[in-house]
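Enquirer: With the sequence up front, the predicted model follows.
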Amino acid sequence: MTPSIIGTDVVERKVVDGVLHTHRLVQSKWYFPKWTHALIGTAKSCFASERSTVDPQRKQMVLKTNNLTFCRNISVDEVLYYEPHPADSTKTMLRQEATVTVYGVPLSHYMEDLLTNTISANAGKGRQGLEWVIGLINTEVKGIAESAARGTDELIHSTRRSIDEVTESARKSMDEISVQATKAAKAMHIT
């Protein structure tokens, strides 16, 4: 989670035709310049609605976010598309679109540029965050694979030891049976 994100709550999550649909409420901190407070107000935390779809069949994730705080004056609609790279399926392509509109306040064009620049800067942080999460997942998967390999090696070693013990026990039993059979055969010829 990025430092500006205070929290997230899942409003709804469902699977429809194999596609995961999630609606979340995101609470974050936005640091607007002080001069904007007189125009749009202040808020210690801001809220946004985030809807995502994850389609494993198409290997695609779409994330749509729109602000709820300051929505009378500012509209920020952002869409992120995650898809396999068309030339290299081992890579993921991220496409980001954002529409920023400021209503009914002076210097609206300036505020739109300010918000657009902030979103652009945060996009780079988002990519870094995603790469960090992927790195953690890769490390965890590697650890699980190594643990599974160790467990498999221990199981094979234990199984071989058990087979060796059973084989040795069976050989001793067969040797005893052979000795007793030889004694019984000698005893039958003597009498």
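Expert: Looks like it came in fine.
Enquirer: quick one: stretch 12-25 to chain centroid distance?
Expert: Distance, stretch centre to chain centre, for stretch 12-25: 15 Å (Cα atoms, centre = their mean, to the nearest Å).
Enquirer: buried set for that stretch?
Expert: For stretch 12-25, burial by neighbour count (16 or more other Cβ atoms under 10 Å) applies to Arg24. (Each C-beta comes from the backbone N, C-alpha and C, glycine too.)
Enquirer: again with stretch 62-75
Expert: In stretch 62-75, the ones that count as buried by 16+ other Cβ under 10 Å are Val62, Leu63, Lys64, Thr65, Asn67, Thr69, Phe70, Asn73, Ile74, Ser75.
Enquirer: Stretch 174-190 too?
Expert: Of the residues in stretch 174-190, none is buried (16+ other Cβ under 10 Å).
Enquirer: can you tell me the average pLDDT over it?
Expert: When the per-residue pLDDT values of stretch 174-190 are averaged, the result is 80.
Enquirer: Just the buried positions in stretch 109-122, please.
Expert: Residues of stretch 109-122 classed as buried by neighbour count (16+ other Cβ under 10 Å): Met111, Glu112, Leu114, Leu115, Asn122.
Enquirer: Include secondary structure when you put these into CSV, please.
Expert: Supplementary listing: these in CSV, determined by DSSP: H, G, I helix; E, B strand; the rest coil:
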residue, secondary structure
Met111, helix
Glu112, helix
Leu114, helix
Leu115, helix
Asn122, helix
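Enquirer: Among these, which one lies nearest to Thr22?
Expert: Thr22 has its nearest neighbour among these in Asn122, at 20.6 Å by Cβ to Cβ.
Enquirer: Name whatever forms a beta bridge with the closest residue to Asp9 other than its chain neighbours.
Expert: Across the structure, with Cβ to Cβ, 6 or more residues apart in numbering as the measure, the residue nearest Asp9 apart from its sequence neighbours is Leu25 (4.7 Å). Going by DSSP bridges, Leu25 is paired in beta bridges with Asp9, Ser49.
Enquirer: so who does Leu25 touch?
Expert: Under the criterion of Cβ atoms under 8 Å, 6 or more residues apart in numbering, the contact list for Leu25 reads Thr8, Asp9, Val11, Phe47, Ala48, Ser49, Glu50.
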